[in-house]
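Trainee: Provided below are the primary sequence and the corresponding predicted coordinates.
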Amino acid sequence: MTNRTLTLDDNLYQYLLDVSLREMPLLKRLRDETAQLANANWQIAPEQGQFMALLVQLTGARRILEVGTFTGYSAICMAQAMGAEGRMICCDIAGDYNAIAERYWREAGLNECIEQRLAPALDTLAALERAGQAGSFDLIFIDADKANYPAYLEHALQLARRGGLILFDNTLWSGRVLEQNPDSADTRAIQTLNLALKDDPRLDLSLLPVGDGLTLCRKR
């Protein structure tokens with residue numbers, strides 16, 4: 001027994017997947033196709049996708065906003081969990097991977113409930129606020145360019161409803177958050193975000209060692 005989070009070696013991680021992962025074949029095919037891309041490391045872990053789907057079900061989220069979509073794996077996980085009446089907006093920049101996401105959304109029967117907006121995410125978020133959608137999203141998942149994470153937080157707090165959930169991915173950053181004087185703007189931004197969230201009175205908070213670190217924030 002232990003009173004701290006376990007370190008997962010390869011065997012224990014495989015056991016975790018073997019006894020808990022319920023990944024449908026379409027998602028497995030999407031992961032396999034994504035693994036062939038040069039930026040395949042942008043893909044979330046399958047157990048994280050399943051956990052996020054459970055969060056959607058537990059919170060009853062019906063309006064979801066995703067910042068950083070890549071090939072669409074996390075969007076499928078959440079969209080399937082939100083039900084037929086749910087709607088999702090996915091923010092990303094133009095890239096070859098957009099078509100992969102849309103192809104799998106169509107195959108999953110989700111293309112009518114997912115809208116992909118291709119532009120710098122800060123522009124899209126500001127446009128949503130101008131369009132009167134502040135306080136209207138049940139869940140916001142942020143997994144885009146890390147240097148803008150602090151700015152994404154402020155937009156997410158505007159767009160999430162009271163009691164809504166804001167998720168940040170990669171908040172452990174493969175351990176690089178421990179660097180004392182990082183050269184990377186991405187690393188500095190994640191460090192800044194993590195420290196800011198710790199004492200932010202607008203949020204309830206938990207950082208989980210899921211995938212590369214997943215931070216859950218509930219808007220008070």
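Mentor: Noted; the coordinates are in hand. Residues are numbered from 1 along each chain as shown.

Trainee: and the most centrally placed residue in the chain, which of the three is it?
Mentor: Residue closest to the mean C-alpha point of the chain, counted by Cα atoms, centre = their mean, is F141 at 3.8 Å. Using DSSP: H, G, I helix; E, B strand; the rest coil, the structure places F141 in strand.

Trainee: check contacts around it.
Mentor: By Cβ atoms under 8 Å, 6 or more residues apart in numbering, F141 lies in contact with 52, 64-67, 74, 78, 167, 169. Glycine gets a C-beta too; all of them are placed from N, C-alpha and C.

Trainee: ranking those residues by neighbours, who comes first?
Mentor: With neighbours defined as other Cβ atoms under 10 Å, the most crowded of the contacts of F141 is L65; it has 28 neighbours.

Trainee: got the contact list for the strand or helix carrying that one?
Mentor: Per DSSP states H and E, L65 falls inside strand 63-67. Here strand 63-67 makes contact (Cβ under 8 Å, 6+ apart) with 56, 74-75, 78-79, 82, 86-91, 121, 125, 128, 136-144, 152, 156, 159.

Trainee: Listing partners with orientation, what would you give for that strand?
Mentor: Strand 63-67 has its sheet partners listed here by DSSP bridges as strand 87-92 (parallel), strand 137-142 (parallel).

Trainee: Only C-alpha atoms, please: export that strand in PDB.
Mentor: Only the C-alpha atoms of strand 63-67 are listed here, as PDB (Å, rounded to 0.1, in the frame of the first residue of the first chain):
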ATOM      1  CA  ARG A  63     -22.100  22.300 -24.900                       C
ATOM      2  CA  ILE A  64     -18.400  21.600 -25.300                       C
ATOM      3  CA  LEU A  65     -15.600  23.700 -26.600                       C
ATOM      4  CA  GLU A  66     -12.200  22.200 -27.600                       C
ATOM      5  CA  VAL A  67      -9.100  24.300 -28.200                       C
END
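
Trainee: Spit out the contact partners of Q48.
Mentor: Taking Cβ under 8 Å, 6+ apart, one finds 74, 169, 210-211, 214 in contact with Q48.
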